[in-house]
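Q: Below are the sequence and a predicted model for it; my questions follow.
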Amino acid sequence: MTLPRILDVTQLDDSSLTEEIIAIKKQLFDLRLKRATRQDFKPHLFKHSKHKLAQLLTVEKLRAQSDSK
């Protein structure tokens with residue numbers, strides 16, 4: 001599984017972007033919960049989720065800055 005590409009994120013509209021951010025944050029919470037309770041989880045998903053969340057938040061911030069100008 002490769003890291004997500006920024007091009008995939010930039011093509012989302014604002015509402016989809018917000019929904020995706022919420023979904024990724026929920027996924028990260030679930031992964032932390034599984035790690036804390038010693039359940040089976042895939043540790044590489046932390047890196048992928050954090051990477052995608054950073055991309056989503058970056059695109060959201062850039063759009064907010066371009067709208068305010």
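A: Happy to help now that I have it.

Q: from here on, contacts and neighbour counts on C-alpha atoms
A: Fine.

Q: Can you pull up the most central residue in this structure?
A: residue 53 (2.5 Å; C-alpha atoms, centre = their mean).

Q: what about the closest residue to residue 40 other than its chain neighbours, neighbour count?
A: In this structure, residue 40 finds its nearest non-sequential neighbour in residue 34, 6.9 Å apart by C-alpha to C-alpha, 6 or more residues apart in numbering. Counted by other C-alpha atoms under 10 Å, the residues lying close to residue 34 total 14.

Q: Secondary structure element for residue 34, which one?
A: helix 14-36 (DSSP states H and E).

Q: circling back: how about the contacts made by the residue nearest to the centre of the chain?
A: 21, 24, 25 (C-alpha atoms under 8 Å, 6 or more residues apart in numbering).

Q: secondary structure element for residue 59?
A: Element membership for residue 59, per DSSP H and E: helix 44-68.

Q: returning to that earlier point: mark which of the contacts of residue 53 are buried, thanks.
A: 21, 24 (16 or more other C-alpha atoms under 10 Å).

Q: for the contacts of residue 53, which one is nearest residue 45?
A: Set against residue 45, the nearest of those by C-alpha to C-alpha is residue 24 (10.6 Å).

Q: And the closest one, how far from residue 67?
A: Counting by C-alpha to C-alpha, to the nearest Å, the gap between residue 24 and residue 67 amounts to 24 Å.

Q: what angle separates the helix holding residue 59 from helix 14-36?
A: 150 degrees (axes from the mean of the first three to the mean of the last three C-alpha atoms, to 10 degrees).

Q: which one of the contacts of residue 53 sits closest to residue 61?
A: residue 21 (12.3 Å).

Q: What does the pLDDT read for that closest one?
A: We have a pLDDT of 98 for residue 21.
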